[in-house]
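Q: Structure here, sequence nowhere to be found:
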């Protein structure tokens, strides 16, 4: 095998925001693949200047205080962030090229104000924790002859001694070369060599070549560039994963090629189920290869806003740096040139951002919305994970194997299935049934390894409808699930940002399966549910028609309300429920519930010989499955329901109720006192533990929770659960609703109120008066995203919004969304925002949602719903009439009902005249935001009233309004502007002209006095 070579640059960036563009530009031109950076510029928890899809970064920590980073520019390098070894001043990552060994890179910053021995001790611990060869790029802030640095004082020499001791103790090699530029030079501060390149490993002693120091950035430190040769290593197995860009598909060619493969040679579609299924899958793959490009990783490093003008500006700046004494003699001239370049960059970035932000108006759910919902893209670099023995994985393959071992449990031996199920029915399959199964699946959902999506099957239906139906019919007749459809690509999804990325259990495994496989699964599911659905408990609310999370919560609370005794709720956590279920017991449960021989037989075939594949950075781990229901499959939820049903029937106590939603199990226990409840809990939970043990499942007592729900019990008591106790708390989160012991739902209201704040905070950044998110677009997001998030399960907890503190809290949290809808100033009151936006106060919106839900369920009539709508509007009107805020707006919109029927287009300009809050000196001065209240006309203070009716500087603009309104009624009451569409349009035009005139005057410096 061949060795691999890395081209590396190391640099202390000195926190300079210009340096990222400079070092990236050099790297693009000179083939640099890895950057070891210190004193990096950061914003929040991201590295500034490296936000490109082809750039992967490892920050030394995630809290926004990172001082070191590793940046990988070559997409073909496998990268694993060793977060367990990294801290604020050390970034550590394992890198591996296809034919090379894994090598650990360390970027280290020895901060001058911290004693050096602290850093050498930390680096020593890092080196002791790994066995691989190591490459270190460090700013050691120390002097030593070993790296050709002369100390300017005793302190520098003493620091160097600590580093020398580390080098000797850990057998490190120094690769700095004499006769090069010094690595650090600052006008007035001197110069020295304090940046060091080190390696550990006998094979790396002579592996560094072309080591040099370059003056290519504005940092006080110069860039070190070198190449390092790494020994050969084993090549990992390939998994044959394919992804296609179906948006660029030539579908006519796709169908033509597919027809040639499927219909042109009938012999290819002859044979057993495995043979024909494999041939059909290959034909689809070949047709896709011939008609659409594969999805590829973006290799773009240059920013999208870069243009020829910036390229020329950069060329002039770099030429000045090369040919002039830019640090001393020509320093001032260089600064002028550099600042001009930076100004052009900022202008280009802003123009690009405006274009991006404005695109949301034509593509509401596109990239801008995804950014607003999720924030900036997170690092695509996987983290090393902690093994059971307490050590961390280092390579991508080790990480993949550890994740697969932890998340996909396996038995030592394969399960023994029942044999001889011979009395099978011969279920018929129609082409219409198969088509319904295809169309039930989301067309663009992530495919399995073969890259075939449900959308591709839809496009192929005219060609493969009959042959696909034929092979699926034969599979059901013979009870055979083809082997080619049994391999699942496992992807891991973080359970939340608050989870430790180094712990395998912080991830949830999801199986990506072939679309043809899921069609066959759907046919099996339909038959299984038809055979067993009537036997399932009504208290399993997951994955069932007519059931939901809300029906589960309601079932719990209705039982509590109907009980005449004390009630305690116990909410159990099953560890890795879907992934641990034993198959042989599952088959037995199916038989108990009435599944036919044919259905049991094909499900046995479905479970037998399954494989899981998990890939991390191209390194692939494989596992043969022996238990569990694949998460992401069609069959998994139905199989789980069968097993959970056996848990629900363990209860024979009418003072105990079990309610399940998927793997969430609620146990409600009533009793005359706490001792009675504890006794019943012991018996009930004991039976559930027996159920779980038989099926290979375990309950986590530490993650399970108990709460008093009725009878005046206080939290703090315990519920016995095997050898452990569950301690009762004041509130628990159950299926997305915060249940509290007082049942006033204040805890839930508090949580709900904060939802979508980050979404609207980002949308605000994508909005301006003349570009970005339009208010009409924001209104769509408000109705489709914000309100559904807030009103989820409102029929359960709506009584929690009736208190004054809840009304106030919800109103305050509605403000961001309302400002996005209106473009209003932040000083505008919530009362006025709600009216201008024409949106119900949030507490009333929640109550209205409950009314509509009850009407949809047939619980109230249309007339009753109309009456309740009127009552809600009366409440809003009473609040608006009695409010002391937003009185200017009240003059325009005194009647809430009238406002709601007005189809107003509100923007940043007219909103200032609808609220009285805006670029008016008098209003801004009242908030200490402007030092002078006087209008620039110098006749009186600049208020909205003055600008609209009297300011002489706006006479021409006002005359156009008067002609529209009518001279006989001028000056009119403000509500007259809402009488007709033309009146309102006149106000909108005046508002824009007035504000633009004011801003133009301010830019020219025409201020009062």
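A: Looks like it arrived, so ask away. Computed from a predicted model, the values in this text were never measured in an experiment.
Q: hey, let's count contacts and neighbours off CA atoms from now on
A: Noted.
Q: what's around the nearest residue to residue 735 once chain neighbours are set aside, how many residues?
A: Counting by C-alpha to C-alpha, 6 or more residues apart in numbering, residue 735 lies nearest to residue 549, which is 6.1 Å off, once chain neighbours are set aside. Residues lying near residue 549 (other C-alpha atoms under 10 Å) number 19.
Q: Am I right that residue 549 is in contact with residue 542?
A: Yes. Using C-alpha atoms under 8 Å, residue 549 is in contact with residue 542, at 7.3 Å.
Q: Identify the contacts common to those two.
A: residue 661 (C-alpha atoms under 8 Å, 6 or more residues apart in numbering).
Q: Counting by contacts, list what the longest helix along the chain packs against.
A: Ranked by number of residues, the top helix in the chain under DSSP state H is helix 331-358. For helix 331-358, the packing partners by 3 or more C-alpha pairs under 8 Å, 6 or more residues apart in numbering; DSSP states H and E come out as helix 308-323.
Q: List the residues that contact residue 396.
A: Per C-alpha under 8 Å, 6+ apart, neighbours of residue 396: 78-80, 94, 384, 616-619.
Q: Which parts of the stretch 451-600 of the chain are helices?
A: 454-478, 515-532, 549-562, 577-580, 583-592, 597-607 (DSSP state H, counting those that start in this stretch).
Q: With adjacent residues omitted, what lies nearest to the residue nearest to the spatial centre of the chain?
A: Nearest to the mean C-alpha position of the chain, by C-alpha atoms, centre = their mean, lies residue 374 at 4.6 Å. Leaving out its chain neighbours, the residue that sits closest to residue 374 by C-alpha to C-alpha, 6+ apart is residue 759, at 7.7 Å.
Q: how close does that neighbour get to residue 46?
A: The gap separating residue 759 from residue 46 is 18 Å, by C-alpha to C-alpha, to the nearest Å.
Q: Neighbour count for these two, which is higher?
A: Taking other C-alpha under 10 Å, residue 759 and residue 46 do not tie; residue 46 has more neighbours (23 against 20).
Q: So what pairs up with the more buried one in the strands?
A: residue 43 (DSSP bridges).
Q: Now for residue 369, how many residues are close by?
A: Using other C-alpha under 10 Å: residue 369 sits among 20 other residues.
Q: meant to ask about residue 752
A: Neighbour tally, residue 752, other C-alpha under 10 Å: 19.
Q: Residue 588 too?
A: 16.
Q: for the helix or strand where residue 865 lies, packing partners?
A: Under the criterion of DSSP states H and E, residue 865 resides in helix 862-882. With contacts defined as 3+ C-alpha pairs under 8 Å, 6+ apart, helix 862-882 has these neighbours: helix 842-856, helix 896-900.
Q: Now do the strands in the stretch 101-250 of the chain.
A: Ranges of strands in the stretch 101-250 of the chain, per DSSP state E, counting those that start in this stretch, are 103-109, 134-139, 172-174, 184-186, 190-192, 195-200, 208-214, 223-230.
Q: Which is the succeeding secondary structure element to the longest one?
A: I take that to be strand 223-230. Assignment by DSSP H and E places the next element after strand 223-230 at helix 251-262.
Q: What are the buried residues along the next helix-or-strand element following that following helix?
A: Downstream of helix 251-262, the first helix or strand assigned by DSSP H and E is helix 273-291. Along helix 273-291, these residues count as buried under the neighbour rule (16 or more other C-alpha atoms under 10 Å): 273-285, 287-291.
Q: same check, this time on stretch 845-861
A: 845-853, 855.
Q: could I get the residues you listed as TSV with distance to residue 325?
A: Output for the buried residues of stretch 845-861, formatted as TSV (distance: C-alpha to C-alpha, whole Å):
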residue	distance to residue 325
845	67
846	68
847	71
848	72
849	70
850	73
851	76
852	74
853	74
855	79
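Q: With adjacent residues omitted, what lies nearest to residue 729?
A: Per C-alpha to C-alpha, 6+ apart, closest to residue 729 is residue 715, 4.9 Å.
Q: and that neighbour, what does it touch?
A: 707-708, 727-730 are the contacts of residue 715 under C-alpha under 8 Å, 6+ apart.
Q: Take these and write them to JSON lines, including neighbour count and pLDDT.
A: What follows is those, written out as JSON lines (neighbours: other C-alpha atoms under 10 Å; pLDDT from 0 to 100):
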{"residue": "707", "neighbour count": "28", "pLDDT": "96"}
{"residue": "708", "neighbour count": "27", "pLDDT": "96"}
{"residue": "727", "neighbour count": "18", "pLDDT": "93"}
{"residue": "728", "neighbour count": "23", "pLDDT": "93"}
{"residue": "729", "neighbour count": "17", "pLDDT": "94"}
{"residue": "730", "neighbour count": "16", "pLDDT": "93"}
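Q: Among these, name the ones in helices.
A: Among the contacts of residue 715, no member lies in helices (by DSSP H).
Q: What about these, which are in strands?
A: 707-708, 727 (DSSP state E).
Q: sorry, back to before: just flag whichever of the helices of the stretch 451-600 of the chain has the lowest average confidence.
A: When the helices of the stretch 451-600 of the chain are compared by mean pLDDT, helix 577-580 comes last with a mean of 83.
Q: Check what contacts that one and list those residues.
A: Taking C-alpha under 8 Å, 6+ apart as the rule, helix 577-580 contacts 407-409, 627-631, 636, 640, 663, 695-698.
Q: in the stretch 51-200 of the chain, what spans have low per-residue confidence?
A: Within the stretch 51-200 of the chain, the stretches with pLDDT under 70 are 62-64, 151-156, 188.
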